[in-house]
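Enquirer: Give me coordinates for this.
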Amino acid sequence: MSANKKTLVYLVVLSVAMLGLGFASKPLYDTFCRITGYGGTTGYSEDNLSEILERKVKVSFDSNVNGLPWDFLPEQTDMSVKLGQTGLAYYKVKNISNKPMIGTATFNVTPIKAAPFFIKTECFCFTEQRVEPGEEISMPVIFFVDPQLDEDQRLADVKDITLSYTFFDVKGANDDLTAAQGRELLN
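Expert: Just a heads-up that it's a prediction; the model follows:
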């Protein structure tokens, strides 16, 4: 094989590999963030088997909407929980448009150094949410702050944690809903 053909094959293989890494980067990054807590990503657990300590933290709740005609608010602004104690908070969303919409929520925790210790056992952010026109739904978040937070002296100053959610439009899904509604009107 000539040097030009070898170079061409090398460049094609490299291009395909880079394209594949581009598609795989978001799932790999999401997995990395969930495992390490990087970027304010919380931990996840099926249940809470933690010991409950006397140390308390105040958990504040924040909400944002990006690209959806929704009202989205926490039903409570904050709560105090002991380390290891299960907490239950609710967020309320209302579709203020005249058509069904599908959204998905992302989340983060601040301060970032506390994120690996903030564990959610149930969360609406794990699924796409379809909300009908004018519909209002209440969505639970069940969580606990891992008692291991108390074992690291660098985290002794953590007394307040903020859990923040942002709802985004599910690209393509809402276009499909609009198209389906148009077909229903024609039939």
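
Enquirer: secondary structure element for residue 10?
Expert: helix 3-36 (DSSP states H and E).

Enquirer: What's the mean pLDDT across that helix?
Expert: In this model, helix 3-36 carries a mean pLDDT of 65.

Enquirer: from now on call the first residue 527
Expert: All right, first residue 527 from here; so that's helix 529-562.

Enquirer: Name the residues linked to the one residue sitting closest to the centre of the chain by a beta bridge.
Expert: With distances taken as CA atoms, centre = their mean, the residue of the chain nearest its centroid is residue 632 (2.9 Å). Beta bridges link residue 632 to residue 692 when assigned by DSSP bridges.

Enquirer: Please save the CA atoms from stretch 660-673 in CSV.
Expert: Listed next in CSV are the C-alpha coordinates belonging to stretch 660-673 (Å, rounded to 0.1, in the frame of the first residue of the first chain):
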residue,chain,number,x,y,z
GLY,A,660,-53.2,24.1,32.3
GLU,A,661,-52.2,20.9,34.2
GLU,A,662,-50.4,21.4,37.6
ILE,A,663,-48.5,18.4,39.1
SER,A,664,-46.6,18.0,42.3
MET,A,665,-43.3,16.0,42.1
PRO,A,666,-41.5,14.5,45.0
VAL,A,667,-37.8,14.4,45.7
ILE,A,668,-36.6,12.0,48.4
PHE,A,669,-33.0,12.6,49.6
PHE,A,670,-30.6,12.4,52.5
VAL,A,671,-27.2,13.9,53.3
ASP,A,672,-24.7,11.1,53.8
PRO,A,673,-23.3,11.1,57.3
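
Enquirer: contacts for that stretch?
Expert: Stretch 660-673 has contacts (CB atoms under 8 Å, 6 or more residues apart in numbering) with 568-569, 574, 576-579, 583, 585, 601, 607, 609-622, 640, 642-650, 655, 657, 687, 689. All C-beta atoms are positioned from the backbone trio N, CA, C, and that covers glycine.
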